[in-house]
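> quick one: sequence and predicted model below, then my questions.
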2 protein chains.
Amino acid sequence: MAPPGTIGNREREILTAIVETFIATGEPVGSRVLSRSNREGLSPATIRNVMADLSDAGFLEQTHTSSGRVPTTEAYRYYVEQISGETHLSAGDENIIRESLAGTTDASEFLERTSRVLSLISKNVGVAVAVPGAKNALEHVYFSRLGDQKVLAVVVTKSGLVRDRVLRLDISQPDLDVAARYINENFRGWTMTDMRSELQRRLEAERSEYDQLMKSLEQLYKQGALAAEPDAQTVFVEGASNLVANEQDRQRLQEMLKTLEEKGKIVQLLEAYLDVKQEAVRVVIGLDDAVPSMSNFVLIGAPARVGSEVMGSLAVIGPTRIDYQHTMTAVSYIARLFDKILNESE
Amino acid sequence: MAPPGTIGNREREILTAIVETFIATGEPVGSRVLSRSNREGLSPATIRNVMADLSDAGFLEQTHTSSGRVPTTEAYRYYVEQISGETHLSAGDENIIRESLAGTTDASEFLERTSRVLSLISKNVGVAVAVPGAKNALEHVYFSRLGDQKVLAVVVTKSGLVRDRVLRLDISQPDLDVAARYINENFRGWTMTDMRSELQRRLEAERSEYDQLMKSLEQLYKQGALAAEPDAQTVFVEGASNLVANEQDRQRLQEMLKTLEEKGKIVQLLEAYLDVKQEAVRVVIGLDDAVPSMSNFVLIGAPARVGSEVMGSLAVIGPTRIDYQHTMTAVSYIARLFDKILNESE
DNA sequence: TTTCAGCACTCAGCGCGCGCGAGTGCTAAC
DNA sequence: GTTAGCACTCGCGCGCGCTGAGTGCTGAAA
């Protein structure tokens, strides 16, 4: 017998088999079925011994003394380590993805569709968020007087992210044009964050002169015309209805749905777990420390980037007994497609 | 005894009492409780007689022979007819509404928040849709070349609806400016629909000349720069998680959630049932012919208008045992507020 | 004619006991 | 190290009877 905590070849094989059959059936797996599907033809008794060891090592649990075994969070972590590397996307999935995402030109639209595609393919919750834009480079701004006291502000980033808002301000169109020209000429190519802080510095410094331009800029700035906080519209969640099938407890189901409605929480979740610096698909098993009701749920996600610039992230949220292989492949494929499609037109 | 089908004074009073206590408790109501709460002090036996009549008339149902009575769809319809007219918004609700909606300047933002506010107040599903914009008057368009082959198109309507999209096109900025100026000078104030058809006519007519302007316009038009189809982003649904508490059947729950995810279906639902020409709050009881799984659900909605122009609609979707009085008041209040807030700055 | 007390009847829900069967751990033999 | 055998555990489904809320009906009082 292997020392507790360690995993030998035999153990690994059986653990993998348990995880896979549990994912397939959703029911605790016993030694009998396992022995039948085992190609080495081990007897149930032998398997029981191994299972006992795996239980000691913390990879398996029993709902009650005489039930089959259920993989623990640890078991899934181990399982995912084993399988990662292999990738093959089914033709059907590839079709769905290509059809839904072809012809997309801007990041926001791509991400919105992505959430839908992911939910379709994984039969779970697909989410996507577009990065606040704070780190994006400014392409240009555009101000336009609307009605009596309303001003439309449009901010466009190099990466094609567009964001508009209507402000309650009373500035004439010529003044707006001057302000826009000032920003476009001085700050094109700056990140939003840098631009904001530099602008603020200049406003402070030149307060004394206080000409019309500075006055307009200050008003625009204060009303958030150039703000870059996460925007509610840039979080996309799709397929929440799939949770109904995957969570029996009504109380928890309701809490999870509520969480998914809070866009801010989603952003937080993805930011906390997805290391945007790393390109690969990331699998987080057990989301309970972020969202208590999601203890037996996982996040499979990846950053969405164009070249080296991070534009957002995409992920699938599903129960621990999700099809990891399948989902990881799809996520990774779409992440690469994102880069490819959005790069080709720059 | 009143002839079957008709409702006398006594019957009406009892029916109202039944509907109200059922809404409050959610459990079939029997003759005993009813007699206790009845201020005329009728005995259970008498009430039973009346209840039998109401059952015959199709206003009450029993889940089984020896259970209390449950109001039918008909009963709710009758009940709503009775109560409509009275309105008083609680101070708490008014606060929530004022706080959430104050300072909103554009219709889209207002409607988005409205869906959240409605879901909070009614503890049910709040929805809001912004009208496609087809009937909105054009304020101006704005085209901007982004990257190598990308063009940003922004369309602004008089009512403050902004809509942007990125197109894959290769037109120079000067050409874009010419095109934008052409549209702004010729079509400002036109409805989107009229503008589109007139533009198409001109394109056809002047095809022979085929100068650069016409060429740009045609490309822009074809890529949908001026399109006005319903946009996914202009449908707001909030509070879907509240359904968990209100629908016991998992199958149906899942179907309903799925329906709420299909933005198109929501638009359809509101369009079908809300007569935008009419200003008042509309209550639709039993949504089964539109959505089979929503047979015991109701829609309480109103058009959102600025002056006489319809900008969208807002509604609450909830179970038949919703607090009609309360919800209707909130919906009506917000609809009026919409007009007031968005009007004052034009 | 209307109201109501009394009574027999219905039936969902609940708790209880029981047997089935899947699955286990342990032991002893190979 | 492997495995057959065996005693044991325990969730689950089923049937049963009781309880209590609620009904319809009848016949008497107002």
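That came in fine, so what should we check first?
> count the neighbours of residue A:192 for me.
Neighbour count of residue A:192, defined by other C-beta atoms under 10 Å in any protein chain shown: 22. To be clear about C-beta, it is placed using only N, CA and C from the backbone, and glycine gets the same treatment.
> scratch that, residue A:180 is what I was asking about
Neighbours of residue A:180 under the rule other C-beta under 10 Å: 20.
> which ones are touching residue A:281?
Residue A:281 is in contact with A:84, A:300-302, A:328, A:331-332, A:335, counting by C-beta atoms under 8 Å, 6 or more residues apart in numbering or on different chains.
> relative to residue B:116, which of the residues you listed is nearest.
Using C-beta to C-beta, residue A:301 is the member of the contacts of residue A:281 that sits closest to residue B:116, with 26.2 Å.
> before we move on, the earlier item: tabulate the contacts of residue A:281 (TSV), appending secondary structure.
Shown next, in TSV, are those (DSSP: H, G, I helix; E, B strand; the rest coil):
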residue	secondary structure
A:84	coil
A:300	strand
A:301	strand
A:302	strand
A:328	helix
A:331	helix
A:332	helix
A:335	helix
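> secondary structure element for the closest residue to DNA strand D within the stretch 51-200 of chain A, which one?
Going by C-beta to the nearest atom of the strand, DNA strand D is nearest to residue A:66 of the stretch 51-200 of chain A, at 2.6 Å. Using DSSP states H and E, residue A:66 sits within no helix or strand.
> now it: how far from residue B:268?
Counting by C-beta to C-beta, to the nearest Å, the gap from residue A:66 to residue B:268 is 53 Å.
> quick check: residue A:327 touching residue A:318?
Yes - at 7.0 Å, residue A:327 counts as touching residue A:318 under the criterion of C-beta atoms under 8 Å.
> which residues are common contacts for the two?
By C-beta under 8 Å, 6+ apart, residue A:327 and residue A:318 have these common neighbours: A:122, A:124, A:300.
> check contacts around the second one.
The contact partners of residue A:124, by C-beta under 8 Å, 6+ apart, come to A:118, A:239, A:242-243, A:246, A:316-319, A:322, A:327.
> any idea which of those residues has the most stuff around it?
Highest neighbour count within these: residue A:317, with 32 neighbours (other C-beta under 10 Å).
> now that residue, nearest residue through space, not along the chain?
Spatial nearest neighbour of residue A:317, excluding adjacent residues (C-beta to C-beta, 6 or more residues apart in numbering or on different chains): residue A:125 at 4.3 Å.
> name the helix or strand for residue A:197, please.
Assigned by DSSP H and E, residue A:197 belongs to helix A:192-205.
> elements contacting that helix?
helix A:173-187, helix A:212-222 (3 or more C-beta pairs under 8 Å, 6 or more residues apart in numbering or on different chains; DSSP states H and E).
> out of these, which is closest to chain B?
Closest approach to chain B among the helices and strands packed on helix A:192-205 (C-beta to the nearest C-beta): helix A:173-187, 10.7 Å.
> the closest one vs helix A:212-222, what angle?
Angle between the axes of helix A:173-187 and helix A:212-222 is 80 degrees (criterion: axes from the mean of the first three to the mean of the last three C-alpha atoms, to 10 degrees).
> and helix A:173-187, which residues are buried?
Residues A:175-176, A:178-180, A:182-183, A:187 are the ones in helix A:173-187 that count as buried (16 or more other C-beta atoms under 10 Å in any protein chain shown).
> next: stretch A:56-76.
Buried residues in stretch A:56-76, counting neighbours by 16+ other C-beta under 10 Å, are found at A:57, A:59-60, A:68-76.
> over to stretch A:238-251?
A:238-244, A:246-247.
> I figured residue A:11 hits residue A:51, correct?
No - judged on C-beta under 8 Å, residue A:11 makes no contact with residue A:51 at a distance of 9.5 Å.
> who has more neighbours out of these two?
Using other C-beta under 10 Å as the criterion, residue A:11 and residue A:51 rank with residue A:51 on top: 24 against 18.
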